[in-house]
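# Model the structure of this input:
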Amino acid sequence: MSEPDIRDPATGARVRIVDDATPSVAAGPKLIIRPATLPVPSRMSVARRLAQASSVTTRHLAPLVGRAVRRHPIDDAAVALALRHIFDDLGGSFTKFGQLIGSSPSLFGEATAAAFRSTLDAVPAIPFDEVEATVTDELGLAIADLFVEFDPVPVAAASLAVVHRAVLPDGRPVAVKVLRPGIEHAMAVDLAVIEPLFGFLGRQVAIGIAGELPSLVSGLAEQLAEEVDLRNEARSIRWFEHLRITMGLDRVRVPLPIEGYVTKRVLVMEYFDGFAVDDTEAIETLGIDPGPLVQDCVKAWFATALCTGAFHGDIHAGNLLILTSGELGVLDWGIVGRMDSSTQQFFRRVVEGALGDESAWVDVWHHAKSIYGPTLQDRLGADDAMMAQMVRMQIEPLFIRPFGEVDLAALLLPPDMGRDDHSASEDAGGDRPSTSTFDVWRAERRRRREILESGVTETAFDRGLFLLSKQLVYFDRYGKMFFPDVPVLWDTTAYERLLAEPIVPASTRA
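Numbers count the residues shown, from 1 in each chain. The predicted model follows:
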């Protein structure tokens, strides 16, 4: 029997299918990312923004610091609320962090996420005359000549761009994504302020969500430089479409860009009609079971990550739609995570270990040791074999036990670098008094200073692993919603086949 003549829409090349049951990630077009050069903000603009940020931060956090110094209790909800007020007052890039927190209850806790949830849809739209001017300047024609319909009210508004629904002259409905005017300068100013500000909060406040803010900044400048050129997103969509066809994932779709309608500041693509994956009431009206669709999405995500080292880097519920056509649409390809070869190998070995390769855990431990050093091992007095088993005991259950029994947010928790005597006495049944908030705060500040003074700095491994793990936290939520009795690696045969594929590096950062 001859092979079917299936063509890749990105290249027109014929796609080879091994067989219907075996996904094959063939060597296709590379994912080319060309980051924009953000402007260098003036000292005056940075100074003004920094003064604003310092004033706002001091106003909202001073009461909490005062309570800590007086040894009064402070709960995470109070810290979260204070940070929410800070982000609200500052807007801009701070909204982006608020959206991350609001969409990640598994990572930050339900109460903390709830405090930030309204940031997901509270971003103001762009005045329509500015949208119209940008579209006209970028595409070279008036909106009336480009589209037969163009809804002036956006269907979505985010910190970097807005999306409007329109109709092409041939009758096709499309989504028109438009960058906010002046966004590059605004992002550059915010980046110059966020890094020292969040570093200060992480060191001085230290407890709860504040202690994790510095890790959220990692890679932000690189990410924003890529997001402010929408041609990168178009290339990412075409890259995934090639893989989607190659793997036979017919129930997963991406909104293909419209030829001739893609520029740096405007991206016109297919319009998807559907409901967010977590809008269970609306999905029920469609008579569609979202579970199998989400499982296909998980498999597609693992396939790209394992075989190419690249993956969709922001799969929150707003970017996954159950379409009225009965498929699952994956939106917003502005953030595509890319692992370096070392991080990709680490991730592959973790999956291989979870699938039963016991030797993999030795490699996983050695890799972690090479990144973070032997501090934990020295404190425990354990050899490498014991440490490999400890790593296995911490990670393996997260992948092989059902979603309803695990918490994938554990993948994002900082490593336990050894507990103090108080914690040990509790485990042994001791009755020492509980540690005050002030003591916790002081100990955490000391720990973070020691890390900085040791010369250990965050690496590409840390950044890649954080973005990788964040997506698994999103999947944790969907798994608990739709298939709580199924583990992450439910289809062991499919994952073993994927791991047998040759590694095809996807990404080139031009």
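# Please make it C-alpha for all contacts and neighbour counts, starting now.
Noted.
# Please, where are all the helices along the stretch 1-150 of the chain?
For the stretch 1-150 of the chain, the helices defined by DSSP state H, counting those that start in this stretch cover 43-69, 76-90, 93-102, 105-108, 110-116, 128-139, 143-146.
# what's the angle between the longest one and helix 76-90?
What separates the directions of helix 43-69 and helix 76-90 is an angle of 160 degrees, with axes from the mean of the first three to the mean of the last three C-alpha atoms, to 10 degrees.
# Quick one: mean pLDDT for helix 43-69?
The average pLDDT for helix 43-69 rounds to 85.
# and if you look at the fifth one?
Predicted confidence along helix 110-116 averages 76 (mean pLDDT).
# Quick check: buried residues in that helix?
Across helix 110-116, burial judged by 16 or more other C-alpha atoms under 10 Å covers Glu110, Thr112, Ala113, Ala114, Ala115, Phe116.
# Equivalent analysis for stretch 471-479, please.
Quick answer for stretch 471-479 (16+ other C-alpha under 10 Å): Gln471, Leu472, Val473, Tyr474, Phe475, Asp476, Arg477, Tyr478, Gly479.
# with the residues you listed in mind, which one is nearest to His242?
Looking at the buried residues of stretch 471-479 and their distance to His242, the nearest is Gln471, at 21.5 Å (C-alpha to C-alpha).
# contacting residues for that closest one?
Residues in contact with Gln471 (C-alpha atoms under 8 Å, 6 or more residues apart in numbering) are Gly313, Asp314, Ile315, His316.
# Let me have the buried residues of stretch 471-479 in CSV, extended by pLDDT, secondary structure and distance to Val294.
Putting those into CSV (pLDDT from 0 to 100; DSSP: H, G, I helix; E, B strand; the rest coil; distance: C-alpha to C-alpha, whole Å) gives the following:
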residue, pLDDT, secondary structure, distance to Val294
Gln471, 85, helix, 13
Leu472, 83, helix, 13
Val473, 79, helix, 14
Tyr474, 84, helix, 11
Phe475, 89, helix, 9
Asp476, 87, helix, 11
Arg477, 85, helix, 11
Tyr478, 91, helix, 8
Gly479, 92, helix, 8
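# Quick one: neighbours of the residue nearest to Ala113 when sequence neighbours are not counted, just the number.
Nearest residue to Ala113, sequence neighbours excluded (C-alpha to C-alpha, 6 or more residues apart in numbering): Gly102, at 4.2 Å. Around Gly102 there are 24 other residues, counting by other C-alpha atoms under 10 Å.
# just so I have it, where are all the strands in this protein?
Here the chain has its strands, by DSSP state E, at 31-33, 149-150, 156-157, 161-167, 173-179, 252-253, 257-262, 266-270, 274-276, 310-312, 320-323, 328-330, 336-338, 507-509.
# tell me what the first one is packed against?
Spelled out, that is strand 31-33. Judged by 3 or more C-alpha pairs under 8 Å, 6 or more residues apart in numbering; DSSP states H and E, strand 31-33 is in contact with helix 230-246, strand 507-509.
# which one of the ones you listed lies closest to Pro154?
Closest among the helices and strands packed on strand 31-33, once you apply C-alpha to C-alpha, is helix 230-246, at 17.6 Å.
# What angle do strand 161-167 and that closest one make with each other?
60 degrees.
# centre of the chain versus helix 230-246, how much separation?
Helix 230-246 sits 18 Å away from the centroid of its parent chain (C-alpha atoms, centre = their mean, to the nearest Å).
# how close does the closest residue to Trp365 other than its chain neighbours get to Leu499?
Nearest non-adjacent residue to Trp365, counting by C-alpha to C-alpha, 6+ apart: Ala388, 5.2 Å away. Ala388 is 21 Å from Leu499, where distance means C-alpha to C-alpha, to the nearest Å.
# out of those two, which sits in the busier spot?
Per other C-alpha under 10 Å, whichever of Ala388 and Leu499 has more neighbours is Ala388, with 20 against 17.
# Tell me the spacing between that one and Arg165.
Distance from Ala388 to Arg165, by C-alpha to C-alpha: 52 Å.
# do the same with Lys470
Lys470 is 30 Å from Arg165, by C-alpha to C-alpha.
# Which positions within stretch 77-84 qualify as buried?
Here stretch 77-84 shows Ala77, Val79, Ala80, Leu81, Ala82, Leu83, Arg84 as buried, counting by 16+ other C-alpha under 10 Å.
# State the pLDDT value of the second one.
Which is Val79. For Val79, the model assigns a pLDDT of 77.
# And the one 4 residues further on, by the same measure?
The predicted local distance difference test score for Leu83 is 80.
# List the buried residues of stretch 376-389.
Those would be Leu376, Gln377, Met387, Ala388, for stretch 376-389 by 16+ other C-alpha under 10 Å.
# okay if I get the residues you listed as TSV plus distance to Gly140 and pLDDT?
Shown next, in TSV, are these (distance: C-alpha to C-alpha, whole Å; pLDDT from 0 to 100):
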residue	distance to Gly140	pLDDT
Leu376	60	71
Gln377	62	79
Met387	61	90
Ala388	60	91
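# That'll do, ta.
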